[in-house]
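Asker: sharing a sequence plus its predicted fold:
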Amino acid sequence: MANGKRQYRTYLIEHRNAQDEVVKSYVGVTIRSLEDRLSAHLREASRAKRSISPYSLGHAIRQELLADPENASRFSIRQLSIHESQAEMLADETIWIDKLGTMAPSGYNLMPGGRSAGGVGNSQAMELFVDGALRTFPSIKQAAHALAEAASIDPKKFAARVYFRLGKGWPVAEAFDLEPHEDGRTTERSRRAAAAGVLLATARSKDHRDWLKARQALIKKGSLLPHPREPGLFVTIDQFIDISGLPKSTVTRRLKRIWPIENLPSEDVILALTKREDRRRIFEFTLNGETVRAGVNELAARFERAKGNSRSAIKKRLGALPEPASEAEILQAIGVLQRTSKRVLVSAQAVPVRNLLIGKWSVCYQCQLKELPRQMDFVRWLSTFMFPLLEGEDRRKEELRLQKSVSALAKKGRQPWEIAALIAGVEAVNAPEQAQQLP
């Protein structure tokens, strides 16, 4: 972006051989920087089974990287034009593809360009380079099936993935895996994650670990500590460990708590490193007329019975008790008394009903009324078209993901029959009122 205003770029990627001669080129569009876009192409192509066409740019990049990772330098990117709007950018993409002749097989473009994000317009005819020829398809579904069959992958699953992405607003080329998805990452951390080819959550976790390490005190090698037994003398850390007889990990952990020690009296340093921590907490209670007085480990070993009341669980519950703890709390912690549920139970009449996006999800399918009273009933009906071969846990996970997409479209005002056609490509689906009009 320049001056906070989004810039729509048309770019050219050139693939050169070992003699620095241009093999083929590719025209694309982006709202990100050219460096980020080229990195995205390289990253996506490096992942297994990401490119589904042997004529695509992704396939060419993958072949070069498999031969030698250094061959990534054979792909360069430069800007062709810049625009004020998405419409101008998409129109210019078509012009450049035609002008530079980058349509397959002469180039790496598999579509003539100019396709916007997913929506109703994508049910119209579209052109796609499949099986060595530019073909016209009457719908997205047929184009997806043809491309999947040419790549020897499951057509139904691929078409479902394409419609799912279009429903989320992906451009057609990205929904078809013909180019990397423009995810709009703008933060420095997300850009670094994208360049490294890792998930944003992974990069965030690594940054947090690095931050924790930076906070820890760094004990300099060769530092001297007061002698644990002879006042006035100083020894190295290793010598202190040998003389005191304490484990190295214990000395290191305690030393980090008080580091740096330049301004601390020697007596305080020795006491902090050698004094045994009092970790023993005694619990006293009455059980079956007998007074029990024991520590955490003893109670855990004595009252361990089964899963849910294991030693580790008892220790964790006893350690979380306030001080002092009541007898009832102790007995609940060791599993003798049933623990009070944290759930707040209210009467059924008092439970508020959340605002429903759509009251009824019924549709007219193949001239017949399909009664679907709940959203989840509608999702499960769609899943029969999208995931006919999945069962059990795999099917449940896909249905949960599908439910999120259905909710998102419903919030945008889409009706159930529109959602069915958009996400799952269901044909002959209409408003439920039309079923009553049909003879």
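Answerer: Structure received.
Asker: residue 147: what's it in contact with?
Answerer: Contact analysis of residue 147 by Cβ atoms under 8 Å, 6 or more residues apart in numbering lists 52-53, 128, 130, 158, 176. For glycine as for every other residue, the C-beta is placed from the backbone atoms N, C-alpha and C.
Asker: the stretch 251-400 of the chain: helices as residue ranges?
Answerer: In the stretch 251-400 of the chain, the segments counted as helices under DSSP state H, counting those that start in this stretch are 266-274, 296-303, 311-319, 327-333, 375-386, 392-411.
Asker: so can I have TSV of the ones you listed showing mean pLDDT and mean neighbour count?
Answerer: What follows is those, written out as TSV (pLDDT from 0 to 100; neighbours: other Cβ atoms under 10 Å):
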stretch	mean pLDDT	mean neighbour count
helix 266-274	88	15
helix 296-303	86	17
helix 311-319	84	16
helix 327-333	87	18
helix 375-386	84	18
helix 392-411	82	15
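Asker: got CSV for those helices, with distance to residue 20 too?
Answerer: Conversion of these to CSV gives the following (distance: least, Cβ to Cβ, whole Å):
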stretch, distance to residue 20
helix 266-274, 65
helix 296-303, 71
helix 311-319, 64
helix 327-333, 73
helix 375-386, 47
helix 392-411, 46
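Asker: how about these, which one is nearest residue 27?
Answerer: Ranking those by proximity to residue 27 (Cβ to Cβ) places helix 392-411 first, at 30.7 Å.
Asker: helix or strand right after that closest one?
Answerer: Remark: after helix 392-411, the chain's next helix or strand is helix 416-423, criterion DSSP states H and E.
Asker: show the subsequent helix or strand relative to that next one.
Answerer: Sequence-wise, the next helix or strand downstream of helix 416-423 (DSSP H and E) is strand 429-430.
Asker: contacts for that next one next, please.
Answerer: So strand 429-430 is contacted by 363-365, 417, 420-421 (Cβ under 8 Å, 6+ apart).
Asker: where do the strands of the protein begin and end?
Answerer: 8-16, 22-30, 75-83, 126-130, 133-137, 224-226, 234-236, 283-287, 290-294, 363-365, 368-370, 429-430 (DSSP state E).
Asker: show me the one of the ones you listed that comes nearest residue 262.
Answerer: Among those, strand 224-226 sits nearest to residue 262 (Cβ to Cβ), with 10.6 Å.
Asker: neighbouring strands of that closest one in the sheet, and parallel or not?
Answerer: strand 234-236 (antiparallel) (DSSP bridges).
Asker: how close does residue 366 get to residue 377?
Answerer: Here residue 366 is placed at a distance of 18 Å from residue 377 (Cβ to Cβ, to the nearest Å).
Asker: do the same with residue 6
Answerer: From residue 6 to residue 377 the distance is 41 Å (Cβ to Cβ).
Asker: again, but for residue 13
Answerer: 47 Å.
Asker: ok, now residue 362?
Answerer: Taking Cβ to Cβ, one finds residue 362 at 9 Å from residue 377.
Asker: and residue 327, by the same measure?
Answerer: Distance from residue 327 to residue 377, by Cβ to Cβ: 51 Å.
Asker: where in the stretch 151-300 of the chain is pLDDT low?
Answerer: Where the stretch 151-300 of the chain drops to pLDDT under 70, the residues are 182-188, 191, 212, 214-218, 277-279.
Asker: what is residue 234 paired to in the beta sheet?
Answerer: Beta-bridge partners of residue 234, as defined by DSSP bridges: residue 226.
Asker: that one and residue 264, how far apart?
Answerer: 13 Å.
Asker: circling back to that earlier point, from the contacts of strand 429-430, pick the one nearest residue 285.
Answerer: Looking across the contacts of strand 429-430 and measuring by Cβ to Cβ, the closest to residue 285 is residue 420, at 61.8 Å.
Asker: which non-adjacent residue is nearest the closest one?
Answerer: Leaving aside its sequence neighbours, residue 420 sits nearest to residue 426 (Cβ to Cβ, 6 or more residues apart in numbering; 4.2 Å).
Asker: tell me who's in contact with the nearest residue to residue 143 once chain neighbours are set aside.
Answerer: The shortest distance from residue 143 to any non-neighbouring residue, by Cβ to Cβ, 6+ apart, is to residue 137 (3.9 Å). For residue 137, the residues meeting the contact criterion (Cβ under 8 Å, 6+ apart) are 125-128, 143, 146.
Asker: try residue 338
Answerer: residue 332.
Asker: where does it land on pLDDT?
Answerer: In this prediction, residue 338 carries a pLDDT score of 70.
Asker: over to residue 3?
Answerer: 47.
Asker: could you do residue 18 as well?
Answerer: For residue 18, pLDDT reads 90.
Asker: number of nearby residues for it?
Answerer: 7 (other Cβ atoms under 10 Å).
Asker: look up how far residue 41 lies from it.
Answerer: Taking Cβ to Cβ, one finds residue 18 at 20 Å from residue 41.
Asker: residue 170 too?
Answerer: From residue 170 to residue 41 the distance is 16 Å (Cβ to Cβ).
Asker: what do you get for residue 142?
Answerer: 27 Å.
Asker: one more: residue 201?
Answerer: If you go by Cβ to Cβ, the gap between residue 201 and residue 41 works out to 23 Å.
Asker: if you count what's nearby, which of those two comes out ahead?
Answerer: residue 41 (20 against 9).
Asker: give me the pLDDT for the more buried one.
Answerer: pLDDT, the model's per-residue confidence, is 84 for residue 41.
Asker: quick one, what contacts it?
Answerer: 13, 57-58, 61, 75, 179-180.
Asker: what do you get for residue 71?
Answerer: So residue 71 contacts 64-65 (Cβ under 8 Å, 6+ apart).
Asker: can you check residue 243 too?
Answerer: 227-229, 235 are the contacts of residue 243 under Cβ under 8 Å, 6+ apart.
Asker: report the two of those residues separated the most.
Answerer: 229 and 235 (10.1 Å).
Asker: among those two, which residue is more densely surrounded?
Answerer: residue 235 (17 against 10).
Asker: would you check that that one makes contact with residue 223?
Answerer: No - look at residue 235 against residue 223 with Cβ atoms under 8 Å: they stay out of range, at 10.4 Å.
Asker: what's the burial count for the residue nearest to residue 222 when sequence neighbours are not counted?
Answerer: Leaving aside its chain neighbours, residue 222 sits nearest to residue 236 (6.9 Å; criterion: Cβ to Cβ, 6+ apart). Residue 236 has 13 neighbours, counted by other Cβ under 10 Å.
Asker: same check, this time on residue 428
Answerer: So residue 428, with other Cβ under 10 Å, has 10 neighbours.
Asker: and the gap between residue 384 and residue 372?
Answerer: Here residue 384 is placed at a distance of 12 Å from residue 372 (Cβ to Cβ).
Asker: no no, residue 281
Answerer: 58 Å.
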